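Trainee: pasted the sequence and its predicted model underneath.
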Amino acid sequence: MSEQSVLSPPTGAASPPTQLMLIGGNWVEAADGEWREITSPGHRGHLLARVPRGNATDVDRAVIAAREAFPAWRDQHFKERQRVLLRIADALEGRAEELARVTAADTGNALRTQARPEAALLVDLFRYFGGVAGEVKGTTLPAGATQLQYTRQEPLGVVGAILPWNSPLMIAGFKVPAALAAGNTIVLKAAEDAPLSILLMAEICEEFLPPGVLNVVTGTGRAAGNALVEHPGVDKISFTGSTEVGRGIASKAGERLAHLSLELGGKNPSIVFPGAVTDELIEGLVLSSRISRQGQSCTAGSRLYLHRDVHDEVLARLAERLGAMKVGDPLDESSDIGSVINETQFDSITEYLQDGLANPALHVEVGGLPPTSGPLAEGFFHVPTLFSGGDNSFRLAREEIFGPVVVAIAWEDVDDVVRMANDTAYGLGAYVWSSDINLAITTAHRLEAGWVQVNQGGGQVVGQSYGGYKQSGIGREVSLEGMIAGFTQTKQINVRLGHGATPAPRTGP
Ligand code: NAD
């Protein structure tokens, strides 16, 4: 919540707008009065806002507020939660353009290609989980005339949700409405570099939610994030971020036996079979590479396996298409691709590019190092880069770059390409491209990934399951089944009915 929009023209670096955090229905500063400056990745150094640098005290305040709000939120008829979520969806929809513009400003995601679709998906997810709120149902067992045996799906309590910076609204949409629909309350930790769209989302939600049901803490992972993970009043940690941080969080949450789900990194294979090289295929490859999100997507198809029969043609046409994409100001309607999030990520991507350029086996089909002069040098802009000549053993083909970089690897034998695709610690997404649908589907079934797309490369759609295999994650939250698995626990109730009925057997642990 701020008095001045973060989208206002710069008023001078000394006085950026001030945003506050939401704790217990109040917009507050950090308890110790510390602040963190949020800068625009599209314009190096331009201050967008300052937000509280929340710490363990603030997390504690937020957890207390969420605990207090929990019983009343949990005990309502589902239709009350449904009504609130649907009203929030309408309100978010009414301010979707503002949400998209703030996203473009603080994440660097291009407004037209990324930020607007993210805001639209957030609206859809609130509407979807509002719609299915009554489906959090238990079962009854046919246990005879003298027994009533049934289950209830009960909420977990307080969910501590931790967000990354790459698509804050979309990922908040995977967690917040699902957790709320199931009857939980939330403490949301926004990513330190991209909290502004989350604060705006909270401002919109707050109008409809009782105090304490949704709390948002801004601050660093080391202070606020860690305090949330370690807090005994948090029943579940729902984390999206890097595998490295996720591993540490899993160990701390495991220590105190908190519920946990992890959505982590990916190094996703995209397998092209022989066949016609159509415009549709090339567009699909562009989409699946997540180049228009600067490659900053955990589901980016960044390992491109091209069958030798189509290898040269796909490379040439894909390079031409990527080379024609416009990199520029995220808020400019004409930009296809925005800026990467910060200098650390910018430098990390540059280092991967240097590694690729120094590898004599790799050939640059398009792109390369970022511009050092002109308008693109004013922000953290990388250009789309396609390497050919890749091998599964290369660092560029093994590590998550989180930049607009694709490595093409030639293949001839199906078993071989499946082996290469699965030869990774990750298992998040995968793409298969073939007009032979039997071959495409049998290949999809052989891939070790939580989400495989066949002949398409878009993002997650409302209602689908989503989550990783192997080191890409644990647990599911996004679909109806995911909401039940990820945000509820099962209580079994066994009731003896009637007078003089035979008691249930006294066995069991
Ligand atoms: P990150 O792991 O550095 O940070 C994610 C969040 O965790 C941030 O809010 C951060 O403040 C917090 N955090 C950091 N250290 C913490 C700690 N010790 N304790 C508690 N919280 C801590 O990730 P990032 O750089 O923000 O995002 C990029 C990564 O996220 C990539 O690896 C990407 O693949 C992954 N990601 C995964 C998905 C998915 O759905 N699987 C989606 C988006 C991003």
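Mentor: Good, I have the coordinates. Numbers count the residues shown, from 1 in each chain.
Trainee: any idea how far residue 409 is from residue 259?
Mentor: Taking Cβ to Cβ, to the nearest Å as the measure, residue 409 and residue 259 are separated by 39 Å. For glycine as for every other residue, the C-beta is placed from the backbone atoms N, C-alpha and C.
Trainee: settle it for me: which of these two has more neighbours?
Mentor: residue 409 (22 against 19; other Cβ atoms under 10 Å).
Trainee: test my guess that residue 366 contacts residue 319.
Mentor: Yes - contact between residue 366 and residue 319 holds when scored by Cβ atoms under 8 Å: they sit 4.0 Å apart.
Trainee: any shared contact partners between the two?
Mentor: Counting by Cβ atoms under 8 Å, 6 or more residues apart in numbering, the residues touching both residue 366 and residue 319 are residue 386.
Trainee: for residue 449, give me its contacts.
Mentor: Taking Cβ under 8 Å, 6+ apart as the definition, contacts of residue 449 comprise 268, 269, 427, 428, 429, 430, 468, 469, 472.
Trainee: distance of the fifth one relative to the ligand?
Mentor: Read it as residue 429. Residue 429 is 9 Å from the ligand, where distance means Cβ to the nearest ligand atom, to the nearest Å.
Trainee: ok, what's across the strand from that residue?
Mentor: Under the criterion DSSP bridges, residue 429 forms beta bridges with residue 451.
Trainee: what about it, neighbour count?
Mentor: Other residues close to residue 429 by other Cβ under 10 Å number 28.
Trainee: same question for residue 416.
Mentor: Using other Cβ under 10 Å as the criterion, residue 416 is surrounded by 11 other residues.
Trainee: and the gap between it and residue 422?
Mentor: For residue 416, the distance to residue 422 equals 11 Å [Cβ to Cβ].
Trainee: what about stretch 188-207, distance to the chain center?
Mentor: Remark: stretch 188-207 is offset 14 Å from the chain centroid, using Cα atoms, centre = their mean, to the nearest Å.
Trainee: so residue 490 makes contact with residue 151?
Mentor: Yes - contact status for residue 490 versus residue 151: in contact at 5.2 Å, counting by Cβ under 8 Å.
Trainee: these two: which is more packed in?
Mentor: Counting neighbours by other Cβ under 10 Å for residue 490 and for residue 151 shows that residue 151 has the greater number, 14 against 11.
Trainee: who's in contact with the closest residue to the more buried one other than its chain neighbours?
Mentor: In this structure, residue 151 finds its nearest non-sequential neighbour in residue 138, 3.7 Å apart by Cβ to Cβ, 6 or more residues apart in numbering. For residue 138, the contact set (Cβ under 8 Å, 6+ apart) comprises 150, 151, 152, 153, 490, 491.
Trainee: ok, what's across the strand from the second one?
Mentor: What that stands for is residue 151. Beta-bridge pairing for residue 151 (DSSP bridges): residue 492.
Trainee: show me the contacts for it.
Mentor: In this structure, residue 151 makes contact with 138, 139, 140, 490, 491, 492, 493, judged by Cβ under 8 Å, 6+ apart.
Trainee: from these, pick the one nearest the ligand.
Mentor: Proximity of the contacts of residue 151 to the ligand, judged by Cβ to the nearest ligand atom, is greatest for residue 490, which lies at 25.3 Å.
Trainee: so that closest one, which of the three states?
Mentor: What DSSP: H, G, I helix; E, B strand; the rest coil gives for residue 490 is strand.
Trainee: run the chain-centre distance for stretch 399-409.
Mentor: Relative to the centre of its chain, stretch 399-409 is centred 19 Å away, using Cα atoms, centre = their mean.
Trainee: what about the strands in the stretch 151-300 of the chain?
Mentor: If you assign secondary structure with DSSP state E, counting those that start in this stretch, the strands in the stretch 151-300 of the chain sit at 158-162, 185-189, 214-217, 236-240, 259-263, 269-272.
Trainee: the closest residue to the ligand within the stretch 51-200 of the chain: neighbour count?
Mentor: With Cβ to the nearest ligand atom as the measure, the residue in the stretch 51-200 of the chain that lies nearest the ligand is residue 164; the distance is 3.2 Å. Counted with other Cβ under 10 Å, the burial measure for residue 164 works out to 24 neighbours.
Trainee: try residue 43
Mentor: Neighbours around residue 43, by other Cβ under 10 Å: 20.
Trainee: isn't it up against residue 379?
Mentor: Yes - under the criterion of Cβ under 8 Å, residue 43 makes contact with residue 379 at 5.5 Å.
Trainee: got any residues that touch both of the two?
Mentor: residue 329.
Trainee: which element follows the host helix or strand of residue 81 toward the C-terminus?
Mentor: Element membership of residue 81, judged by DSSP states H and E, is helix 78-94. Moving toward the C-terminus from helix 78-94, the next helix or strand (DSSP H and E) is helix 96-107.
Trainee: ok so, going back, who wins for neighbours among the contacts of residue 449?
Mentor: Taking other Cβ under 10 Å to define a neighbour, the member of the contacts of residue 449 with the most is residue 268, carrying 31 neighbours.
Trainee: helices of the stretch 1-150 of the chain, start to end?
Mentor: Counting by DSSP state H, counting those that start in this stretch, the stretch 1-150 of the chain has helices at residues 56-74, 78-94, 96-107, 116-131.
Trainee: mean pLDDT and mean neighbour count added to the ones you listed, as JSON lines?
Mentor: Formatted as JSON lines, the entries for the helices of the stretch 1-150 of the chain read as follows, by pLDDT from 0 to 100; neighbours: other Cβ atoms under 10 Å:
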{"stretch": "helix 56-74", "mean pLDDT": "98", "mean neighbour count": "20"}
{"stretch": "helix 78-94", "mean pLDDT": "98", "mean neighbour count": "18"}
{"stretch": "helix 96-107", "mean pLDDT": "97", "mean neighbour count": "25"}
{"stretch": "helix 116-131", "mean pLDDT": "98", "mean neighbour count": "23"}
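Trainee: redo the ones you listed as TSV? Include distance to the ligand.
Mentor: Output for the helices of the stretch 1-150 of the chain, formatted as TSV (distance: least, Cβ to the nearest ligand atom, whole Å):
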stretch	distance to the ligand
helix 56-74	10
helix 78-94	20
helix 96-107	10
helix 116-131	12
